[in-house]
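Participant: Mind folding the following:
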Amino acid sequence: MLQDIRDRATSWVAYVIIGLLILSFALWGIGEYFGGGPARPVATINRNEITSQQFNQQVQQRKQVLQSILGENYRQQYPDESIVRQQVIQDLVRTELLRQEVDDAGYEISDANLIRRIQQIPQFQQDGKFDPDLYRRLLESQRLNKAQWENELREQDKLRQFENTIATSSFIPKAELKRFQSISEQTRDFKYALVSVKADEVSVSDAEIEQYFEENKQFYQTSEQVKLSYIELKEQDIADGTNVSDEDAKEIYESQQERYMSAELRRASHIMFKVPSELGSDALEWDEALEKANDLVQKLEEGADFTELAKQYSEDTLSADKGGDMGFIAPGDFTNKDLEDALFALDVGENSKAIRTEQGVQILQLTEIHEPEQESFESVREKIINERKSQIAQERFIEISDEIANLVVEQPDDLEEASESFDSSIKQTGFLSAASNDEIFAYPKIKNVAFSNDILVEKLNSDLIQVDDGHVIAFRVLEHKESEQKPLADVKDDIQRLLSVRKASDNATKQGSELFLKLKDGASLEALASENNLEVVGHGPIRRDDNRVPFQISDQAFSMEKPAEGTTTVEGVAQADGSYALIELNAVTLGSTEVDDPQMLQLSQRVNYGRREFSAIIDAIQANGDVVIYENRVSDTSANF
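Facilitator: Numbers count the residues shown, from 1 in each chain. Here you go, the predicted model:
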């Protein structure tokens, strides 16, 4: 049992915990996690408050994520922290409004439904059945409170229930679907030419560089950096240092022989009728495949040979030539439970009914059974020893982790006593910035905490942080480098390249705009291109999703007015890459409005009307809510948290 916990922890956390991360903070409040007294609200939403602690924690997390993604470009994208703070407060307000709406609407998740939901999570199951002991141990391994975890799961399900209610009750009228069909299949015949100027063809003076630097100094600063000392505990290190004798392993083998039986193997053949995975669950192809399969089931019941039918009809080319033979199958080999259940319920020589799977419709035949056999001690000796080592290591890991977690709080000014408690050395990092992803900053949880007020200003130890399954770290700051202004000499080349690109873009736009005026006055695109050494590009009538044309040009062409018969419509538009596009639209052809029922279903799925309806409802809730945002507190970057 204990061996399973480490194998399952990562997957179940990804499956469930991440889905609850926002709820944990936005719905229950950061005070539930960190304690402390009442905090000033930064916003009130109807009857509830968003506290400054909750808000600033979310801002810190958002900043760390953005800095990790953008690196040195973070300050250019977000020169003012107010941008991030405004994004965070809007997200928190919408989340709280949604929670209140769900509560006011009376959405509830019964205890029975909550239990059923938990029991259905595969990571809490052993041999296909819910295991309460495994559930408890998994929560303990993640240091989660069971009651709090179940409350958060209940909140998540309430929000999901509300969203599903809106999504499943929404529909789009057939007339609108026909209009969508016509627009999506519309084609446009247009040509375009790009006017561009190379950056190395323009000059930038030292005065221009200096002026730009003075006006944009905030973009040219060094990153804030920290050097950390830390201790870490790894469960694998404990396992590697644990000794399990052959005598101990033999005793385990003798007492648990039923565990060391080889799996029952069943040799199976199949006939498959494939259905493309991109089709919806109600596509006509499913009915056609089921009809074909049922016809063969009838023939098999009348005595037809399975091998010959597989060779003649099966669409699985790998097995069809072998009469459908798939070899021996062990429990768990099939990803589809219905398929596995059917196979292990058959007698040798017996055929299944038609079975619908993710790949299509299949018919099985059981041809041979290999019964389970007792494995010898020598064949499983290494496995038993490793399992026992893992079990001992996990128990010791939990004990030592608890002790370290207490010591880093009780002795907040150093890590000495904590390191001595498990005979470990204190390690050091080099200088790390928010953009660093090496050393212990490879773990986002460490990075998110390293620049917090408690760590930087109060000079306290961090809490013991679980960075991975069986791996915890506690740290403190040794040195802190504030962000500093870079000298002009260090960034002169960067500014010169930036201004060169901008100047080239401005020149291209100026030249392109002049040519566009001539195009509007009646000059042809081909003539202008010939005179100015431009290339004219055209692909004939194309749809808006044709990837041969840059998106910005295609998007502009499909928004231009339809030309009258025998004329053209022209447009000029600056491009994101610094070029200028001259576009000549020759013809617009509307798509078909004929839509049958299967197409209606596919179009509805493409439009995703239910999701849009849900988004519109959230906007309406926010518009009608009593929301007060204290902008002075939102913009207060000196707030402690």
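Participant: Please name the spatially closest residue to Glu373 (chain neighbours excluded).
Facilitator: Excluding the flanking residues, the one nearest Glu373 by Cβ to Cβ, 6 or more residues apart in numbering is Ser262, at 4.8 Å. (Each C-beta comes from the backbone N, C-alpha and C, glycine too.)
Participant: hang on, I meant Lys234
Facilitator: His471 (5.1 Å).
Participant: ok, that neighbour to Ser401 distance?
Facilitator: Plainly put, His471 is 10 Å away from Ser401 if you go by Cβ to Cβ, to the nearest Å.
Participant: Between the two, tell me which one has more neighbours.
Facilitator: More neighbours surround Ser401 than the other of His471 and Ser401, with 19 against 16 (other Cβ atoms under 10 Å).
Participant: how near is that one to Lys146?
Facilitator: With Cβ to Cβ as the criterion, Ser401 and Lys146 are 18 Å apart.
Participant: Do a quick rundown of the helices in the stretch 151-300 of the chain.
Facilitator: Per DSSP state H, counting those that start in this stretch, the stretch 151-300 of the chain carries helices over the ranges 174-184, 206-215, 235-240, 246-255, 284-301.
Participant: packing partners for the third one?
Facilitator: Translated: helix 235-240. helix 377-410 (3 or more Cβ pairs under 8 Å, 6 or more residues apart in numbering; DSSP states H and E).
Participant: helices or strands next to the helix it packs on in the packing?
Facilitator: helix 2-12, helix 132-141, strand 225-234, helix 235-240, helix 246-255, helix 416-421, strand 471-481.
Participant: between the last one and strand 225-234, how many degrees?
Facilitator: In this structure, strand 471-481 runs at an angle of 160 degrees to strand 225-234, with axes from the mean of the first three to the mean of the last three Cα atoms, to 10 degrees as the basis.
Participant: Buried residues of strand 471-481, list them for me.
Facilitator: 471-477, 480 (16 or more other Cβ atoms under 10 Å).
Participant: on that earlier part again, with respect to burial, which of the helices of the stretch 151-300 of the chain scores highest?
Facilitator: Per residue and on average, the most neighbours among those fall to helix 235-240, with a mean of 17 (mean count of other Cβ atoms under 10 Å).
Participant: pLDDT averaged over that helix, what's the number?
Facilitator: Mean per-residue pLDDT for helix 235-240: 93.
Participant: Kindly export it (C-alpha atoms) in CSV.
Facilitator: Taking C-alpha atoms only, helix 235-240 is exported to CSV below (Å, rounded to 0.1, in the frame of the first residue of the first chain):
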residue,chain,number,x,y,z
GLU,A,235,12.8,10.2,0.4
GLN,A,236,14.9,8.5,-2.2
ASP,A,237,18.1,9.3,-0.3
ILE,A,238,16.6,7.7,2.8
ALA,A,239,15.6,4.6,0.7
ASP,A,240,19.1,4.4,-0.8
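Participant: Please shift the residue numbers so they start at 693 in all later answers.
Facilitator: Shifting the count to begin at 693 puts that one at helix 927-932.
Participant: Contacts for it, please.
Facilitator: Helix 927-932 is contacted from outside by 698, 1078, 1081-1082, 1084-1086, 1088-1089, 1092, 1161-1163, using Cβ atoms under 8 Å, 6 or more residues apart in numbering.
Participant: between the helices of the stretch 843-992 of the chain, which gets nearest to Phe1243?
Facilitator: helix 866-876 (15.9 Å; Cβ to Cβ).
Participant: Would you single out the least confident of the helices and strands packed on helix 1069-1102?
Facilitator: With a mean of 39, helix 694-704 has the lowest mean pLDDT of these.
Participant: Looking at Lys821 now. What's its pLDDT?
Facilitator: So, for Lys821, pLDDT stands at 80.
Participant: How about it: which residues does it bridge to?
Facilitator: Gln818 (DSSP bridges).
Participant: what do His1163 and Ser1093 both touch?
Facilitator: With Cβ under 8 Å, 6+ apart as the test, His1163 and Ser1093 both reach Leu925.
Participant: Same list, the helices of the stretch 843-992 of the chain, but as JSON lines with distance to Val1229 please.
Facilitator: Listed next are those as JSON lines, based on distance: least, Cβ to Cβ, whole Å:
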{"stretch": "helix 866-876", "distance to Val1229": "23"}
{"stretch": "helix 898-907", "distance to Val1229": "34"}
{"stretch": "helix 927-932", "distance to Val1229": "58"}
{"stretch": "helix 938-947", "distance to Val1229": "72"}
{"stretch": "helix 976-993", "distance to Val1229": "39"}
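Participant: out of these, nearest to Gly1204?
Facilitator: helix 898-907 (23.0 Å).
Participant: which helices and strands does that closest one pack with?
Facilitator: By 3+ Cβ pairs under 8 Å, 6+ apart, helix 898-907 packs against helix 1180-1212.
Participant: tell me what the helix it packs on is packed against?
Facilitator: Packed against helix 1180-1212 by the contact rule (3+ Cβ pairs under 8 Å, 6+ apart) you find strand 879-887, helix 898-907, helix 1217-1223, strand 1261-1266, strand 1272-1281.
Participant: Kindly compare burial across those and name the winner.
Facilitator: Taking mean count of other Cβ under 10 Å, strand 879-887 is the most buried of the helices and strands packed on helix 1180-1212, at a mean of 22.
Participant: strand partners of that strand, parallel vs antiparallel please.
Facilitator: Note on strand 879-887: by DSSP bridges, its sheet partners are strand 1228-1235 (antiparallel), strand 1272-1281 (antiparallel).
Participant: Mean pLDDT and distance to Glu977 added to the helices and strands packed on helix 1180-1212, as JSON lines?
Facilitator: Listed next are these as JSON lines, based on pLDDT from 0 to 100; distance: least, Cβ to Cβ, whole Å:
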{"stretch": "strand 879-887", "mean pLDDT": "96", "distance to Glu977": "27"}
{"stretch": "helix 898-907", "mean pLDDT": "95", "distance to Glu977": "61"}
{"stretch": "helix 1217-1223", "mean pLDDT": "95", "distance to Glu977": "45"}
{"stretch": "strand 1261-1266", "mean pLDDT": "94", "distance to Glu977": "42"}
{"stretch": "strand 1272-1281", "mean pLDDT": "95", "distance to Glu977": "29"}
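Participant: Out of these, which gets nearest to Tyr799?
Facilitator: Of the helices and strands packed on helix 1180-1212, nearest to Tyr799 by Cβ to Cβ is strand 879-887, at 46.1 Å.
Participant: what about the closest one, distance to the chain center?
Facilitator: 36 Å (Cα atoms, centre = their mean, to the nearest Å).
Participant: go on, stretch 1170-1179?
Facilitator: Mean-position distance between stretch 1170-1179 and its chain equals 34 Å (Cα atoms, centre = their mean).
Participant: end-to-end on it?
Facilitator: Terminal residues of stretch 1170-1179 are spaced 27 Å apart (Cα to Cα, to the nearest Å).
Participant: Identify all contacting residues around it.
Facilitator: 909, 912-921, 1120, 1123, 1148.
Participant: if we can go back for a sec, tell me which of the helices of the stretch 843-992 of the chain sits nearest to Glu1276.
Facilitator: helix 866-876 (21.7 Å).
Participant: Quick check: next helix or strand after the helix or strand of the chain with the lowest mean pLDDT?
Facilitator: Sorted by mean pLDDT, DSSP states H and E, the helices and strands of the chain end with helix 723-726, the least confident at a mean of 32. Using DSSP states H and E, the next helix or strand after helix 723-726 towards the C-terminus is strand 733-737.
Participant: Can you name every helix or strand that the helix or strand following that next one contacts?
Facilitator: Using DSSP H and E, the next helix or strand after strand 733-737 towards the C-terminus is strand 740-743. Here strand 740-743 touches strand 733-737, helix 773-796, going by 3+ Cβ pairs under 8 Å, 6+ apart.
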